[in-house]
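Undergrad: no FASTA, just this:
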Ligand SMILES: COc1ccc(CN)cc1O
């Protein structure tokens with residue numbers, strides 16, 4: 001089996017990407033955020049209080065002839081940005097890009113935090129981290145990828161996220177039309193359940209490459225790139241008028257500033273993030289101050305290779321034993 005589906009930016013600064021999925025019989029279509037940084041598949045549902053639903057599509061299990069309540073099971077998740085949700089669990093048929101999983105655990109939200117309510121074009125998440133992170137209790141549930149794996153032509157899924165454009169997620173195959181050159185793989189330690197790996201170093205603009213093992217997680221569900229403070233200060237030292245603002249919670253700079261590129265290494269390969277990806281967004285619609293797409297990870301306790309980095313490459317998440325992650329230019 002294999003599947004392929006679109007990864008559509010939900011706003012003009014690529015804050016998140018959503019993918020159409022179908023749930024149940026007859027199929028109900030929702031737009032979900034495929035998130036390699038978590039392992040819960042949850043949706044806005046008919047059980048979500050209407051005060052917390054603002055324009056999202058919902059899953060109504062009672063309208064599906066193939067839905068089954070997973071009796072006595074609940075879940076509750078909190079994300080790094082402080083957002084969260086909780087609820088009950090059904091199983092139902094679940095399809096992404098033509099790839100179907102029967103009896104996928106679909107976590108129906110009984111409560112969502114305000115930032116999810118405000119994100120009206122996002123109807124939930126599909127966790128693609130390792131199933132050990134799943135929060136359903138008393139028995140944890142498998143991710144869509146773990147359920148699909150036995151039937152996949154190849155035990156992989158790929159992410160081809162794009163800057164201000166629609167990309168794709170593929171399951172079960174590697175589309176050689178989506179990248180150039182070779183795929184460089186590196187080891188993944190799946191503890192405690194993230195796609196954790198190292199960068200081999202970095203460079204700022206035309207500067208010399210600094211070899212240094214930088215451990216972090218490749219996370220399609222995080223918008224920006226979060227790296228150690230020393231690297232981030234070295235980057236913004238090259239940006240006229242840049243400052244680390246307590247008020248805005250990170251590095252800001254005049255929108256008119258010229259930004260350098262940022263290059264990261266995977267083993268011997270090099271991937272360059274264009275300056276435009278790092279000139280992330282104005283701090284408010286009419287402001288001439290901009291917020292950077294590269295920020296310090298010091299408050300997070302972990303480095304996060306989010307969409308700003310991932311959209312500069314074609315990324316292969318390989319569920320082989322041992323797992324590995326691959327990067328190619330595109
Ligand atoms: C759109 O909002 C979110 C999307 C994905 C995650 C998980 N990293 C958390 C969020 O608050």
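TA: Now that the structure is in, tell me what you want to look at. These numbers come from a predicted model, not from an experiment. Residues are numbered from 1 along each chain as shown.
Undergrad: okay, now the closest residue to the ligand within the stretch 201-330 of the chain: neighbour count?
TA: Nearest to the ligand in the stretch 201-330 of the chain, going by CB to the nearest ligand atom, is residue 221, at a distance of 3.4 Å. For every residue, glycine as well, the C-beta is placed using N, CA and C. Close neighbours of residue 221, defined as other CB atoms under 10 Å, add up to 23.
Undergrad: next, give phi and psi for it.
TA: Residue 221 adopts backbone torsions of phi -90, psi 10, taken as degrees, to the nearest 10.
Undergrad: which residues touch the closest residue to it other than its chain neighbours?
TA: With sequence-adjacent residues excluded and distances taken as CB to CB, 6 or more residues apart in numbering, residue 221 is closest to residue 35, at 2.9 Å. Residues in contact with residue 35, defined by CB atoms under 8 Å, 6 or more residues apart in numbering, are 125, 126, 127, 128, 129, 219, 220, 221.
Undergrad: redo that, cut-off 7 Å
TA: Shown in contact with residue 35 (CB atoms under 7 Å, 6 or more residues apart in numbering): 125, 126, 127, 128, 220, 221.
Undergrad: could you redo those as CSV and give each row secondary structure?
TA: Shown next, in CSV, are those (DSSP: H, G, I helix; E, B strand; the rest coil):
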residue, secondary structure
125, strand
126, strand
127, strand
128, coil
220, coil
221, coil
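Undergrad: that older thread, so the residue of the stretch 201-330 of the chain closest to the ligand touches residue 38, yeah?
TA: Yes - in this structure, residue 221 is within contact of residue 38 by CB atoms under 7 Å, at 6.3 Å.
Undergrad: what do the two both touch?
TA: Joint contacts of residue 221 and residue 38 (CB under 7 Å, 6+ apart) are residue 125.
Undergrad: need the residues of the stretch 151-300 of the chain near the ligand, please.
TA: The stretch 151-300 of the chain has residues 221, 222 near the ligand, with proximity defined as CB under 6 Å from any ligand atom.
Undergrad: please enumerate the helices of the stretch 151-300 of the chain.
TA: 229-236, 275-278 (DSSP state H, counting those that start in this stretch).
Undergrad: any chance of TSV for the ones you listed, columns mean neighbour count, distance to residue 147 and mean pLDDT?
TA: TSV is the format used below for the helices of the stretch 151-300 of the chain (neighbours: other CB atoms under 10 Å; distance: least, CB to CB, whole Å; pLDDT from 0 to 100):
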stretch	mean neighbour count	distance to residue 147	mean pLDDT
helix 229-236	18	38	98
helix 275-278	19	33	98
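Undergrad: output those as a markdown table; include the columns distance to residue 105.
TA: Listed next are the helices of the stretch 151-300 of the chain as a markdown table, based on distance: least, CB to CB, whole Å:
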| stretch | distance to residue 105 |
| --- | --- |
| helix 229-236 | 38 |
| helix 275-278 | 35 |
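Undergrad: between those helices, which gets nearest to residue 8?
TA: When those are ranked by proximity to residue 8, the top entry is helix 275-278, at 17.5 Å, counting by CB to CB.
Undergrad: and the closest one, how far out from the chain's middle?
TA: 18 Å (CA atoms, centre = their mean, to the nearest Å).
Undergrad: ok so residue 145 is a strand residue?
TA: No - in this structure, residue 145 is helix, not part of a strand, as judged by three-state DSSP.
Undergrad: check contacts around it.
TA: Taking CB under 7 Å, 6+ apart, one finds 128, 157, 319 in contact with residue 145.
Undergrad: from the ligand, how far out is it?
TA: 16 Å (CB to the nearest ligand atom, to the nearest Å).
Undergrad: any idea how far residue 156 is from that residue?
TA: Distance, residue 145 to residue 156, using CB to CB, to the nearest Å: 9 Å.
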